[in-house]
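>>> sequence first, then the predicted structure:
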Amino acid sequence: MEYLIKYVKTSGGNQSAKIPNENEDGLDIKKIISKIKSESNKKKKSTDFVVILLLLYVHLLFAILESGRSALARMFLKLAASIASEPMFNEKLQQIEQSQTFLCVISWFDTVSALVSPDCRIPYCDPKWFGESKENISTDKMNGCPVGMFRVLYDLSLYRKEIMLMFDEQQVFLQDIKLMHKKLMDLRDRLLHYRDHVLLELPHSSPFTFIDRLKCAQLWSLAGNLLTIQLEMHYFKNLRFWIEQNRSIILKSDSPDSIPLNQIYTDRATKMVTEFLFVYKTISPSSPIITQM
């Protein structure tokens, strides 16, 4: 671990010597990747070096995530994803099962942390790293949540960034708002169909039963839906009043779908939280589904 930290600092330049805040990368990723390539070419053996580096990041990420130092977690998530995305290493990593397992775990860590990031960052990972539910390595097997559900969560994190950037513009067109609201409703609908992603039986051995995986998908569905309610309240709650005030100049076809009242938002959120807690309590506290959630 000491070697890893020293290597990153010497590779990333002076910028990496400090602890960045939540909105800083803090590492010169390109410089680090360049050094890894250079050393790999000299040794003519990149596989062992990269795999060891990635496995070290797993331990470091666990330490960071458990200590709550999220800025460091972001740095190393980005660096790990950058290494794995390099064509020079990617082909070799795909041939090593342990590396594929690592990438699967990193991808869902990255996606979940992106979903709750204050600056609405997008994941650094490639959604392909979630695997496929019918394959030996997938989120189904790693943490019990179907790949299909994590892809919806990944898309939801992209939506957070997209809508934030749209409303940061000085002028936002009603048609764009309408399209973004529909897109949010589509994501919510995909989350509600969580059962469609849960296989009755996985093709390979798994520590999770069908009921375990069904409950896990339900919990992630509820969590994702709570986020859609938060987004709808934040960006669209005042839209109905603006439409009413400008009814004479807005064509009916341009009007977005009906926007619920605040009380309806509150009732929906309360029901989802109640359902989440009920399902959560039916799962053993020692289950990896709970310990990894």
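Done, it's in. Numbers count the residues shown, from 1 in each chain.
>>> what about residue 178, how many neighbours?
Neighbourhood size, residue 178 [other CB atoms under 10 Å]: 16. Bear in mind the C-beta positions are built from the backbone N, C-alpha and C, glycine included.
>>> can you show me the helices along the chain?
Counting by DSSP state H, the chain has helices at residues 2-12, 29-43, 46-67, 70-85, 87-93, 97-115, 139-143, 147-168, 174-192, 210-236, 239-245, 262-281, 288-291.
>>> for the second one, give the mean pLDDT please.
In other words, helix 29-43. Mean pLDDT, helix 29-43: 62.
>>> okay, now the unreliable bits of the stretch 101-250 of the chain?
Applying pLDDT under 70 to the stretch 101-250 of the chain flags residues 238-250.
>>> ok, the nearest residue to residue 204 once chain neighbours are set aside - how many residues close by?
Of all residues not flanking residue 204 in the chain, residue 136 sits nearest, at 4.8 Å (CB to CB, 6 or more residues apart in numbering). As a burial measure, residue 136 scores 15 neighbours (other CB under 10 Å).
>>> so residue 136 is in contact with residue 206, correct?
No - Residue 136 lies out of contact with residue 206 (CB atoms under 8 Å); the separation is 9.9 Å.
>>> and the residue nearest to residue 204, how far from residue 277?
Residue 136 sits at a distance of 33 Å from residue 277 (criterion: CB to CB, to the nearest Å).
>>> verify the stated contact: residue 126 with residue 81.
Yes - at 7.4 Å, residue 126 counts as touching residue 81 under the criterion of CB under 8 Å.
>>> so for these two, which sits in the more crowded spot?
Comparing residue 126 with residue 81 by other CB under 10 Å, the one with more neighbours is residue 81, at 19 against 15.
>>> what's around the residue nearest to the more buried one when sequence neighbours are not counted, how many residues?
Excluding the flanking residues, the one nearest residue 81 by CB to CB, 6+ apart is residue 124, at 3.8 Å. Applying other CB under 10 Å, we find 21 residues neighbouring residue 124.
>>> pretty sure residue 124 is touching residue 82, no?
Yes - assessed by CB under 8 Å, residue 124 is found in contact with residue 82 at 7.3 Å.
>>> what's the closest non-adjacent residue to residue 224?
residue 191 (4.5 Å).
>>> re earlier: and the residue nearest to residue 204, how far is that from residue 196?
22 Å.
>>> and for residue 151?
12 Å.
>>> with neighbour numbers in mind, choose between the two.
Legend: neighbour count by other CB under 10 Å for residue 151 and residue 196, higher for residue 151 (17 against 11).
>>> show me the contacts for the residue nearest to residue 127 when sequence neighbours are not counted.
Nearest non-adjacent residue to residue 127, counting by CB to CB, 6+ apart: residue 154, 5.0 Å away. Contact analysis of residue 154 by CB atoms under 8 Å, 6 or more residues apart in numbering lists 111, 123, 127, 130.
>>> likewise residue 214?
Counted by CB under 8 Å, 6+ apart, residue 214 has contacts 195, 198.
>>> next one: residue 145
Residues in contact with residue 145 (CB under 8 Å, 6+ apart) are 108, 139, 213, 216, 217, 220.
>>> identify the farthest-apart pair in those.
Maximum pairwise distance among those (CB to CB): 14.3 Å, between 108 and 213.
>>> burial measure for residue 106, as a count.
23.
>>> where's residue 189 relative to residue 154, distance?
16 Å.
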